[in-house]
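Colleague: Using only what follows, build the 3D model:
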Amino acid sequence: MNKINMVLLALFLSLSAASSGIAATSNFDCSKAKNLADLALCANEKLAAADVNATSEETAPVPEENQTEAVTQEAVPTAAAPAAVAPTAVAPAAVAVEADAASTDSSVSTHAASNGLIFALIGLIASVGFLIFANTKKGTYNLEKRDAIKRYFAKFPSYAVIFIIAGAGLLATDEISTKVGGFVLLILGTLIIWNWIKQPTDKQMDQYIAEDLLTVTNKSLTKSDVDRSQLVSELLTLTGFRIENAAGADYNWKKGKDGVSRFTPINFTAIIMTENQLVTYNSALDLMTGNALNETTDEYFYKDVVSVSTETSSATFVDPKNKNSVQQLHTAEFFKLTTSGGTSIKVFIKDPKLIEMIGNSALPGTDAEKAVQSIRKMLREKKV
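Modeller: Got it, this is the predicted structure:
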């Protein structure tokens with residue numbers, strides 16, 4: 001019931017109470033009162049009593065000269081009564097009802113706000129609880145390999161947190177349409193973060209990388225036209241961060257929970273030693289696609305190789321995602337093989353500044369010194 005209806009009801013009740021209090025003393029049935037004079041008469045005991053007295057006097061003989069005066073005296077209180085009586089009988093009840101209505105509205109508003117806050121809190125708890133549970137299942141989601149690798153390198157969607165907070169805030173409001181919008185934002189933010197959570201563990205990622213490295217190792221033999229039966233020594237591989245000639249591959253890196261950084265593309269070099277020749281294969285292994293990009297092969301007779309070593313020199317790395325971010329590597333470590341004809345191959349291994357750039361973590365890769373020692377041993381044997 002709205003305020004207007006409540007005021008009208010109070011007005012009706014006050015009029016009823018007033019009329020019932022004097023019904024016994026008025027000279028006619030107050031329940032049938034219609035005009036202002038009758039209502040005023042029923043609302044005032046003195047007027048009712050006067051009405052009774054006036055009626056009684058009418059039954060007695062009245063001198064002809066006093067009839068006009070009697071009529072005049074009777075008319076005066078009847079006409080003046082509404083202005084004097086009506087406000088006294090009605091106003092207090094109406095004011096009391098308005099005060100009660102205002103108090104009721106305030107109570108309802110406070111109750112609605114309290115329910116909204118509870119609803120928002122429940123939404124937040126449900127969202128966070130679900131994401132915590134989902135995170136405990138990381139590594140168990142059935143994902144396609146390339147999709148899993150992309151998820152591993154994906155950045156945390158911080159904007160989804162804003163969705164969740166904004167959604168919870170809208171849930172605390174009173175409007176149904178606003179609550180629906182808040183619910184949609186809360187669910188959307190939760191699903192976005194859940195989708196990000198579904199990624200491989202560090203251990204699974206290492207397995208994916210090992211599989212891709214094995215694939216490109218076998219490809220190096222094919223590209224070099226060498227069969228494994230022709231090998232006179234173990235096939236050596238050098239891996240590291242690719243600082244140039246990535247053939248358009250996207251650079252991505254991430255420091256794992258184990259403190260080791262994984263990255264793509266991987267600079268891959270295979271050193272294949274046959275009976276009479278040393279063959280090298282180099283490419284940029286893009287983990288996002290599994291493709292070996294910018295492949296090159298070189299062949300050298302053992303007698304033509306004059307040196308194999310590791311050296312420190314300067315280099316430059318430009319992140320394709322940010323052309324303005326140029327890293328000058330002044331203490332970069334390289335594997336270097338030089339021939340008598342002045343040609344050489346140079347393979348980047350690592351650099352302190354690069355390590356700092358990708359999270360101050362360990363870099364996986366083959367020990368370059370081990371490769372140098374194996375090649376030197378083979379050169380001594382073949383040059384004797």
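Colleague: How much space separates the closest residue to Phe163 other than its chain neighbours from Ala166?
Modeller: Once flanking residues are discounted, Phe163 sits nearest to Gly189: 3.1 Å by Cβ to Cβ, 6 or more residues apart in numbering. No exception for glycine: its C-beta is placed from N, CA and C like everyone else's. Relative to Ala166, Gly189 is positioned 8 Å away (criterion: Cβ to Cβ, to the nearest Å).
Colleague: how about the strands in this structure?
Modeller: Counting by DSSP state E, one finds strands in the chain at the ranges 236-241, 252-255, 261-264, 266-273, 277-286, 291-301, 305-318, 326-339, 344-350.
Colleague: buried residues in the last one?
Modeller: Along strand 344-350, these residues count as buried under the neighbour rule (16 or more other Cβ atoms under 10 Å): 345, 347-350.
Colleague: how deep is the residue nearest to Leu124 when sequence neighbours are not counted tucked in, by neighbour count?
Modeller: For Leu124, ignoring the flanking residues on the chain, the nearest one in space by Cβ to Cβ, 6+ apart is Ala168 at 4.8 Å. Residues lying near Ala168 (other Cβ atoms under 10 Å) number 23.
Colleague: pretty sure Ala168 contacts Leu186?
Modeller: Yes - at 6.1 Å, Ala168 and Leu186 qualify as touching, with contact defined as Cβ atoms under 8 Å.
Colleague: what residues are shared contacts of the two?
Modeller: 123-124, 127 (Cβ atoms under 8 Å, 6 or more residues apart in numbering).
Colleague: Next one, pLDDT for Asp225 please.
Modeller: We note a pLDDT of 92 for Asp225 in this prediction.
Colleague: Could you dump the buried residues of strand 344-350 into a markdown table with distance to Phe334 and pLDDT added?
Modeller: Output for the buried residues of strand 344-350, formatted as a markdown table (distance: Cβ to Cβ, whole Å; pLDDT from 0 to 100):
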| residue | distance to Phe334 | pLDDT |
| --- | --- | --- |
| Ile345 | 10 | 86 |
| Val347 | 6 | 88 |
| Phe348 | 6 | 88 |
| Ile349 | 6 | 86 |
| Lys350 | 9 | 85 |
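Colleague: Could you provide these in TSV, with additional columns for distance to Lys255?
Modeller: What follows is those, written out as TSV (distance: Cβ to Cβ, whole Å):
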residue	distance to Lys255
Ile345	30
Val347	24
Phe348	20
Ile349	19
Lys350	15
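Colleague: Closest one of those to Thr316?
Modeller: Phe348 (11.1 Å; Cβ to Cβ).
Colleague: got a list of what that closest one touches?
Modeller: Listed by Cβ under 8 Å, 6+ apart, the contact set of Phe348 reads 240-243, 267, 315, 332-334.
Colleague: Show me which of these are buried.
Modeller: Buried by 16+ other Cβ under 10 Å: 240-243, 267, 315, 332-334, out of the contacts of Phe348.
Colleague: among these, which two are most distant?
Modeller: Farthest pair in the buried ones among the contacts of Phe348, by Cβ to Cβ: Arg242 and Glu333, 14.7 Å.
Colleague: per-residue pLDDT, Thr140?
Modeller: We note a pLDDT of 82 for Thr140 in this prediction.
Colleague: now, which of the shared contacts of Ala168 and Leu186 lie within helices?
Modeller: 123-124, 127 (DSSP state H).
Colleague: I'd like those laid out as CSV, including distance to Ala368, neighbour count and pLDDT.
Modeller: What follows is those, written out as CSV (distance: Cβ to Cβ, whole Å; neighbours: other Cβ atoms under 10 Å; pLDDT from 0 to 100):
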residue, distance to Ala368, neighbour count, pLDDT
Gly123, 55, 24, 85
Leu124, 52, 17, 87
Ser127, 48, 22, 91
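Colleague: Run through the bridge partners of Asn282.
Modeller: Thr269, Thr296 (DSSP bridges).
Colleague: before we move on, what about Asn252?
Modeller: Beta-bridge partners, per DSSP bridges, of Asn252: Thr264.
Colleague: ok, it - contacts?
Modeller: The contact partners of Asn252, taken as Cβ under 8 Å, 6+ apart, are 153, 263-264, 288.
Colleague: Most neighbours among those residues, which one is it?
Modeller: Going by other Cβ under 10 Å, Thr264 tops the contacts of Asn252 with 25 neighbours.
Colleague: correct me, but that one touches Gly290?
Modeller: No - in this structure, Thr264 is not within contact of Gly290 by Cβ under 8 Å, at 10.3 Å.
Colleague: any idea where the helices of the stretch 101-250 of the chain begin and end?
Modeller: According to DSSP state H, counting those that start in this stretch, the stretch 101-250 of the chain carries its helices in the segments 145-153, 159-171, 176-197, 202-224.
Colleague: Let's see the longest one as CSV, backbone CA atoms only.
Modeller: I take that to be helix 202-224. Listed next in CSV are the C-alpha coordinates belonging to helix 202-224 (Å, rounded to 0.1, in the frame of the first residue of the first chain):
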residue,chain,number,x,y,z
ASP,A,202,56.7,-26.9,-16.0
LYS,A,203,57.4,-30.6,-16.2
GLN,A,204,54.8,-31.1,-19.0
MET,A,205,56.3,-28.1,-20.8
ASP,A,206,59.8,-29.6,-20.7
GLN,A,207,58.3,-32.8,-22.2
TYR,A,208,56.8,-30.8,-25.1
ILE,A,209,60.1,-29.0,-25.7
ALA,A,210,62.0,-32.3,-25.6
GLU,A,211,59.6,-33.8,-28.2
ASP,A,212,60.1,-30.8,-30.5
LEU,A,213,63.9,-30.9,-30.1
LEU,A,214,63.9,-34.5,-31.0
THR,A,215,61.8,-33.8,-34.1
VAL,A,216,64.1,-31.0,-35.3
THR,A,217,67.2,-33.2,-34.5
ASN,A,218,65.9,-35.9,-36.9
LYS,A,219,65.1,-33.2,-39.4
SER,A,220,68.7,-31.9,-39.2
LEU,A,221,69.9,-35.3,-40.4
THR,A,222,67.4,-35.3,-43.3
LYS,A,223,68.3,-31.8,-44.3
SER,A,224,72.0,-32.6,-44.2
